[in-house]
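K.L.:
Quick one, structure for this:
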Amino acid sequence: MTEPLVIIGAGGFGREVAMAAEACDPAWSVWGFFDDRVDENVTIEGWERLGVLNDAKPDNPCVIAVGNPRLRRALCARLSARGSRFVTIDVEGLRHPSVSISHGGMLVAGVRTTVNTSIGKHFIANLNCTIGHDVVIGDFVTIAPLVAISGNVRIGDGVEIGTAACIREGVTIGKGAMIGMGAVVVKDVAPNSVVVGNPARHVKELEPW
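P.N.:
Have a look, this model is predicted:
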């Protein structure tokens, strides 16, 4: 028996989540998208635009398919104030019992976890990521495609990790940090820092998370 799913955000990742949920997880039937930015006359890849965010009903199971962690947190606050019910989409579904994933998460095709991993609320893992053993990931974290996270890594709330970045074993990434595309992170990253390159180096600060 399928359950209806609505997706907040009709951008590229939102449509990828819709495709993955319908193609790979028989538990879900995608109703469509709520998005404040999309032309009301547009039908998106065959799914319907259901309206703006304020049109979403609290009893609609939903995920917030918006890559920016800070915007995702703000949208979550809006929806939570209205009593929205957040669910998790896990395309692979084959996780060791020691892997825990909180509500609101979206793990699309090719995301691999091993053992003893804890993943927080409203997490995004895009295509073909790997997450090693004994990793702790906070809330509102976004991991772009092809990211490789080694074992014993700690990732704070609101971290964004760019495409094909690699995180060395034992590293801690502070909350609100951003890791650039292709970065190789070999030492701890301070909160709200932007790091890029190989090895990753600090380039600027972001607003506090």
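K.L.:
Relative to Val171, how far out is the closest residue in space to Ser29 that isn't next to it in sequence?
P.N.:
Sequence neighbours aside, Thr2 is the residue nearest to Ser29 in space, at 4.1 Å (criterion: C-beta to C-beta, 6 or more residues apart in numbering). All C-beta atoms are positioned from the backbone trio N, CA, C, and that covers glycine. Taking C-beta to C-beta, to the nearest Å as the measure, Thr2 falls 40 Å from Val171.
K.L.:
These two: which has the busier surroundings?
P.N.:
With neighbours defined as other C-beta atoms under 10 Å, Thr2 and Val171 compare such that Val171 has more, 18 against 12.
K.L.:
Would you check that the more buried one makes contact with Val184?
P.N.:
No: the pair Val171 / Val184 is not scored as a contact, 10.5 Å apart, by C-beta atoms under 8 Å.
K.L.:
Any idea what the spatially most central residue of the chain is bridged to?
P.N.:
Nearest to the mean C-alpha position of the chain, by C-alpha atoms, centre = their mean, lies Ile124 at 1.2 Å. With DSSP bridges as the criterion, Ile124 is bridged to Met106, Thr142.
K.L.:
Low-confidence ranges, this structure, go.
P.N.:
Residue ranges of the chain with pLDDT under 70: 1, 24-27, 38-43.
K.L.:
what does the domain assignment say about the protein?
P.N.:
For the chain, the structural domains run 3-86, 90-197, going by automatic domain parsing.
K.L.:
Single out the most deeply packed of these.
P.N.:
Of all these, domain 90-197 carries the top mean neighbour count, a mean of 20, counting by mean count of other C-beta atoms under 10 Å.
K.L.:
what's across from Phe86 in the sheet?
P.N.:
Bridge pairing for Phe86 - DSSP bridges - gives Cys62.
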